[in-house]
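>>> Mind folding the following:
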Amino acid sequence: MLPNYDYIRGLVAGEGCFTFCSIKNTGTKKQLPTFLINMSRRDKVLLEKTRDVLGLKNKIYEYPPRTAKDGYKRDGMVLLIVRDIGQIKNIIVPLFYKKLIGYKSIQFNEWMERIGSNPLVPNSYKFIYKLYSSGFYNKITKFN
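Numbers count the residues shown, from 1 in each chain. Sure, this is the predicted structure:
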């Protein structure tokens, strides 16, 4: 069974994040818009199915179990990270545009605003914000 788009949105509301990844490129610090889902490794198949349903090309990163400073043994983790401009523009933003509720909706909208206003975000990503702020994504029905 494959997850549908509404299921994926719910999954992201609990396990996903809209953030930025700092990189150094030829001595200049940049922040790339980043979408990620972090889950227990027992849900690796679910994360792979989610990636495949969305048509993302990213690999799933897997981290082993670890023992925290408090002595509690944490389960291993799997992580899907999307930073590619094309996948953010054509998959991530249309999937979540005006389709989230609660705090994740606020986080998504603030992420989009930061893409447009943060001087550390490369100019190539600013186009995504322009599409977002112009209402372009209202016309996209692929992820309904």
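>>> how close does Tyr103 get to Lys24?
31 Å (Cβ to Cβ, to the nearest Å). Every C-beta, even on glycine, is put in place using the N, C-alpha and C of the backbone.
>>> Sorry, slip of the keys, the one I care about is Leu79.
Leu79 is 21 Å from Lys24, where distance means Cβ to Cβ.
>>> mind checking how far Leu56 is from Gln87?
In this structure, Leu56 and Gln87 are separated by 6 Å, where distance is defined by Cβ to Cβ.
>>> Can you report how many residues lie near Lys130?
A count of neighbours around Lys130, defined by other Cβ atoms under 10 Å, yields 11.
>>> Ignoring the adjacent residues along the chain, who's closest to it?
What sits nearest to Lys130 in space, not counting adjacent residues and going by Cβ to Cβ, 6 or more residues apart in numbering, is Gly116, at 7.4 Å.
>>> any idea which element the one you found lies in?
With the criterion set as DSSP states H and E, the secondary-structure element containing Gly116 is helix 103-117.
>>> neighbouring contacts of that helix?
12-13, 16-20, 33, 93, 96, 100, 121, 125-126, 128-130, 132-133 (Cβ atoms under 8 Å, 6 or more residues apart in numbering).
>>> average pLDDT across that helix?
Helix 103-117 shows an average pLDDT of 97 in the prediction.
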